[in-house]
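K.L.:
sharing a model prediction with you, sequence too.
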Amino acid sequence: MQSNSSLKKSVDFKPEDELHLDCICGSKTYKEYFNPEEKTGQFSGYKLIACDQCGLVRTDPSPLSTENEAEDLYDDPNYYADSLKDKDFWLQMAKDTLKDLPEFISRGRFLDIGCGPGYIVKTANDIGFNAEGIDLNPHPIAAGKEAFGVNIARKRLDEVEGTFDVICSNHVIEHVISPADFLKEIGSRLNDEGYLFLGVPNVEGGIPKVLRTLNKLPAGPGSKWLWVGYQLHEHIWHFSPKTFREFLEREGWEVLLLDVSLNNPYATVEVPKLRQKAIQKVWKSFESIGMADQMVAICRRKK
Ligand SMILES: [Zn+2]
């Protein structure tokens, strides 16, 4: 899902609903990783904690207490509002996101879970796939169909027919309570030789690392700038290249490629406009050294 900084939390907790998840590796012990509220006043009531065993970072408490709440949270007309304004930009982003895939496969049935208006679906069709997409949010579906003539629908995965050669899910798995169950469900719909394609934010990317360092300063430029990739009202899991690879391997996937060379375009959103040009240069440099603030993995089932 394309994150949108204008999204307001639409699922309100009562204290008894609070869900404190164990790590997906099974460990219950953790230490504090980062508390954005302390410095910036944002994401009140939530903090980031890191598993003592595997290092995976998670939001505590979980922003969702049941998967069913996701349907309400993402049934929001504003969720893809920015994304529908600038089609050329998002199409280029989709091309950059899928750029490594044709090295492995470029034909067959392709499904995008969390497709929004269908930028990835259109791009996959252009590569040569027979692509379709599903999303819980009905609002971008009609607009995307009209703009691109793509095969997209408001459906859950269990409402889609058949199996696929590629299943893609870009910026979705960090939103689900059980990523392991999500991967099992995807696996059940993937052909034996099929490819799993996942995109997620990288909490250990250069941008979040620099900003967390600046956040430690008592005052001054950058001390209140917050990386947009946290999205603590939506993101439960915050992967790094290490924890993402380990998670995928533990769940029975062979990671054929882990590409950390593309920043999230929202990276500059919360930085003052005057400084954006200079800062963008620094941010860009992280892409060339494999420390971008998002990453994609191309996987196959382990034999
Ligand atoms: Zn863990």
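P.N.:
Cool, got the structure.
K.L.:
spell out which parts of this structure neighbour the ion.
P.N.:
Within the chain, the positions adjacent to the ion are Cys23, Cys25, Ser27, Cys51, Gln53, Cys54, Leu56 by C-beta under 5 Å from the ion. Backbone N, C-alpha and C define where each C-beta goes, glycine included.
K.L.:
and the third one, what helix or strand is that in?
P.N.:
Yep, that's Ser27 we're talking about. Assessed by DSSP states H and E, Ser27 sits outside every helix and strand.
K.L.:
and the closest residue to the ion within the stretch 151-300 of the chain, how far from Gly199?
P.N.:
When distances are taken as C-beta to the ion, the stretch 151-300 of the chain reaches nearest to the ion at Thr243, 7.7 Å away. Separation of Thr243 from Gly199 (C-beta to C-beta, to the nearest Å): 15 Å.
K.L.:
run a quick neighbour tally on the closest residue to Leu211 other than its chain neighbours.
P.N.:
Nearest residue to Leu211, sequence neighbours excluded (C-beta to C-beta, 6 or more residues apart in numbering): Trp227, at 4.8 Å. Residues lying near Trp227 (other C-beta atoms under 10 Å) number 23.
K.L.:
what's the answer for Pro63, then?
P.N.:
Pro63 has 24 neighbours, counted by other C-beta under 10 Å.
K.L.:
likewise Ser285?
P.N.:
Neighbour tally, Ser285, other C-beta under 10 Å: 11.
K.L.:
same thing with Ile207?
P.N.:
Ile207 has 26 neighbours, counted by other C-beta under 10 Å.
K.L.:
please enumerate the helices of the stretch 51-200 of the chain.
P.N.:
69-73, 81-85, 87-97, 119-127, 139-148, 179-188 (DSSP state H, counting those that start in this stretch).
K.L.:
deepest in the core, which of those is it.
P.N.:
Most buried of those by mean neighbour count (mean count of other C-beta atoms under 10 Å) is helix 119-127; its value is a mean of 24.
K.L.:
what's that one packed up against?
P.N.:
helix 87-97, strand 109-113, strand 130-135, helix 139-148, strand 164-170 (3 or more C-beta pairs under 8 Å, 6 or more residues apart in numbering; DSSP states H and E).
K.L.:
need the ones you listed in JSON lines with mean pLDDT, can you?
P.N.:
Formatted as JSON lines, the helices and strands packed on helix 119-127 follow (pLDDT from 0 to 100):
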{"stretch": "helix 87-97", "mean pLDDT": "93"}
{"stretch": "strand 109-113", "mean pLDDT": "98"}
{"stretch": "strand 130-135", "mean pLDDT": "97"}
{"stretch": "helix 139-148", "mean pLDDT": "89"}
{"stretch": "strand 164-170", "mean pLDDT": "98"}
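K.L.:
to Val260, which of those lies closest?
P.N.:
Of all the helices and strands packed on helix 119-127, helix 87-97 sits nearest to Val260, with 12.6 Å by C-beta to C-beta.
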